[in-house]
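Sequence first, predicted model second:
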Amino acid sequence: MASQARKYGLGLVFATQAPKGLHNRIPGNAATQFFGLLTSMTQIDAAQEMARAKGSPITDVGRLTTGQFYAAIAGGEFVKMQAPICLSHHPKSPLSSEEVVDRAIRGASAARRS
């Protein structure tokens, strides 16, 4: 799909917390790549390997802070960047299953009242 999309001038966004899980042809067909904080050594190694292929070491990808990313465009090396933070609150950890269900129920109730 990635190679066909590029062939026809379409843009795709692949977002993953597991770069090792992407098919090896996807990064090769991606014009722009971003890496944020990675915590698994397997994923850190995979990201560093992809960056080395572009000629740029990203030694601290396991220690990035909020809003920091490594970014690379087609034919370019990875550079560290700071992205503005979204203005909404984002907790450090994902919601629990119970919190997700609670928010879904509250959202459905609000939609019925409208």
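In hand now; what should we look at?

any residues touching the strand or helix carrying Arg106, and which ones?
Using DSSP states H and E, Arg106 sits in helix 97-113. Residues from elsewhere that reach helix 97-113 (CB atoms under 8 Å, 6 or more residues apart in numbering): Leu95. For glycine as for every other residue, the C-beta is placed from the backbone atoms N, C-alpha and C.

Pull out the buried residues from stretch 58-67.
58, 61-62, 64 (16 or more other CB atoms under 10 Å).

And stretch 30-40, by the same measure?
The neighbour-count check on stretch 30-40 (16+ other CB under 10 Å) flags 30, 33, 35-38 as buried.

Nearest residue to the middle of this protein?
The centroid of the chain falls nearest to Ala15 when counting by CA atoms, centre = their mean (4.3 Å).

dump the residue contacts of it.
Neighbours of Ala15 in contact, by CB under 8 Å, 6+ apart: none.

Show me where this structure has its strands.
32-35, 68-73, 79-82 (DSSP state E).

JSON lines please, covering these and showing mean pLDDT.
Listed next are the strands of the chain as JSON lines, based on pLDDT from 0 to 100:
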{"stretch": "strand 32-35", "mean pLDDT": "86"}
{"stretch": "strand 68-73", "mean pLDDT": "91"}
{"stretch": "strand 79-82", "mean pLDDT": "92"}
